[in-house]
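In: Coordinates for the following, if possible.
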Amino acid sequence: MEKEQGNYTDKLKDIYQSIISHLEPAYRKQYNIRRFMSCFLLFWVMKLSDTNFHEHYWLNGQTLLIVIWVGLAWIFWHYTFWRYQGGVIDTLSRNMIYFGSLWSLIWKIVVQNLVIMIWIAFISPISGIKTWRKAVKHNKHLFIENQKNDIWN
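Out: Numbering: from 1, shown residues only. Below you'll find the predicted structure:
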């Protein structure tokens, strides 16, 4: 008996189409600059944490793992951002009271938003996959405003 050889590229295309199809078109088109910036910053933070300085610094296994992680973060970023909206970290960051001069306030807000963007990109391969699987299970499409009152949350 011969095993039937599956076409893995077709399976990957089907999975990617499922990932795309569970996002509303308006939501999919928004936040692309924020997604790019967070994935770009995630790459640099992860690459700068690489302590293996050698002749082939950019061509090693750790760089490949970082690129794979950032690629998964790029794909699942919308799911994680949707999950982040209205959550504990979002509520805490919106209700923070800042003290100081005008420039220190601006600096704190910019740094806070950058850290949140990096955090969303960092957890995207885990939280995004979990949210996508839940959307597939309940056949739901994610939308722009998350009211956290859906029965599948």
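In: can you list contacts of whatever helix or strand Ile89 lives in?
Out: With secondary structure defined by DSSP states H and E, Ile89 is part of helix 88-94. Outside helix 88-94, the residues within contact range by CB atoms under 8 Å, 6 or more residues apart in numbering are 84, 112, 116, 119. Where C-beta positions appear, they are placed from N, C-alpha and C, glycine not excepted.
In: again, only this time at 6 Å
Out: For helix 88-94, the external contacting residues (CB atoms under 6 Å, 6 or more residues apart in numbering) are 84, 112.
In: what do you get for stretch 26-42?
Out: 70, 73-74, 77, 117-118, 120-122, 142-144.
In: most surrounded residue in those?
Out: Compared across those, Ala121 has the highest neighbour count, 31 neighbours, by other CB atoms under 10 Å.
In: so what's the backbone phi/psi at it?
Out: Dihedral angles phi and psi of Ala121 (degrees, to the nearest 10) take the values phi -70, psi -40.
In: for it, what are its contacts?
Out: In this structure, Ala121 makes contact with 38-39, 42, 73, judged by CB under 6 Å, 6+ apart.
In: let's see 10 Å
Out: For Ala121, the contact set (CB atoms under 10 Å, 6 or more residues apart in numbering) comprises 34-43, 45-46, 69-70, 72-74, 76-77, 80-81, 128.
In: any chance you could map the helices in this structure?
Out: Assigned by DSSP state H, the chain shows helices spanning 8-21, 25-29, 32-48, 61-84, 88-94, 102-123, 129-138.
In: mind checking how far stretch 74-86 is from the chain centre?
Out: Distance, stretch centre to chain centre, for stretch 74-86: 6 Å (CA atoms, centre = their mean, to the nearest Å).
In: Give the buried residues for it.
Out: 74-84 (16 or more other CB atoms under 10 Å).
In: Met46 against Pro125, yeah?
Out: No - checked against CB atoms under 10 Å, the pair Met46 and Pro125 is beyond contact range at 12.0 Å.
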